[in-house]
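**Q** A predicted structure for the sequence below; I have some questions about it.
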Amino acid sequence: MQRTITNQVYLTKPGLSKLQTELKNLTSSRWPDIVRALRDAASAESTFDNREYDDLRIEQALVEKRITELRGLLNRAHLVNPTDNDRVSLGNRVKLRFLSSGAVATYNLVDTHEADPLKRKISDHSPIGRALLGKKINDEATVDTGSQRLRVRVLRISA
């Protein structure tokens, strides 16, 4: 599934679940904890020169911002369910060979909101992701990282 840049968010099932869980934890646990702590800090002493109170207000603002961000992402979310393993698309797992070194690596191609390079979840907007979209098994692609150009071959595509 190749896509144009829109305000839509394309998530895999695990990515969607992770964001939903984070939102639930923030709204049902973290937010009430902050409200209670603010109430306690405000009643314990004057809110003037109360560092704990100030820190809690900052944390409250950060949590509010994240809750708003998550709700916005989830409202625009579309579940990616790759059924075509003939061409690389969002949600696919892709096994590659780097032609210069012979190294083999497997990546999951995901939306930017789900990307985590340390877990080999790469964005479709990353250099490798852009180069792989639409490729078939045995196709070669050039990955332009800005500092170097790498050639890769698609070895396997799976859901």
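**A** Received, thanks.
**Q** Tell me the strands beside the longest strand seen in the chain, with direction?
**A** The longest strand of the chain (DSSP state E) is strand 149-158. If you go by DSSP bridges, strand 149-158 pairs up with strand 93-98 (antiparallel), strand 140-144 (antiparallel).
**Q** mind listing the helices in the protein by residue range?
**A** Secondary structure of the chain (DSSP state H): helices at 13-25, 31-44, 51-75, 127-132.
**Q** out of those helices, which comes closest to S158?
**A** Evaluated with Cβ to Cβ, those place helix 127-132 nearest to S158, the distance being 13.3 Å. Backbone N, C-alpha and C define where each C-beta goes, glycine included.
**Q** Check which residues of the closest one are buried.
**A** P127, I128, G129, A131, L132 (16 or more other Cβ atoms under 10 Å).
**Q** and for that helix, what are the contacting residues?
**A** Helix 127-132 is touched from outside by 88, 94, 96, 107, 109, 122-124, 141-146, 152, 154, with contacts defined as Cβ atoms under 8 Å, 6 or more residues apart in numbering.
**Q** Against which helices or strands is the helix-or-strand element of the chain with minimal mean pLDDT packed?
**A** The least trusted helix or strand in the chain, going by mean pLDDT, DSSP states H and E, turns out to be helix 31-44, with a mean of 86. Contact analysis of helix 31-44 by 3 or more Cβ pairs under 8 Å, 6 or more residues apart in numbering; DSSP states H and E lists helix 51-75 as its packing neighbours.
**Q** Which strands or helices does the helix it packs on pack on?
**A** helix 13-25, helix 31-44.
**Q** could I get stretch 21-39 in PDB with only the CA atoms?
**A** The C-alpha coordinates for stretch 21-39 follow below in PDB (Å, rounded to 0.1, in the frame of the first residue of the first chain):
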ATOM      1  CA  THR A  21      -3.000   1.200  26.000                       C
ATOM      2  CA  GLU A  22      -0.900   4.300  26.500                       C
ATOM      3  CA  LEU A  23      -4.000   6.500  26.300                       C
ATOM      4  CA  LYS A  24      -5.900   4.300  28.800                       C
ATOM      5  CA  ASN A  25      -3.000   4.300  31.300                       C
ATOM      6  CA  LEU A  26      -2.700   8.100  31.100                       C
ATOM      7  CA  THR A  27      -6.400   8.800  31.400                       C
ATOM      8  CA  SER A  28      -7.300   6.200  34.000                       C
ATOM      9  CA  SER A  29      -4.100   6.100  36.100                       C
ATOM     10  CA  ARG A  30      -1.600   8.900  35.600                       C
ATOM     11  CA  TRP A  31      -4.000  11.800  35.200                       C
ATOM     12  CA  PRO A  32      -5.900  11.000  38.400                       C
ATOM     13  CA  ASP A  33      -2.600  10.600  40.200                       C
ATOM     14  CA  ILE A  34      -1.500  14.000  39.200                       C
ATOM     15  CA  VAL A  35      -4.800  15.600  40.100                       C
ATOM     16  CA  ARG A  36      -4.600  14.000  43.600                       C
ATOM     17  CA  ALA A  37      -1.000  15.100  44.100                       C
ATOM     18  CA  LEU A  38      -1.800  18.600  43.000                       C
ATOM     19  CA  ARG A  39      -4.700  18.800  45.400                       C
END
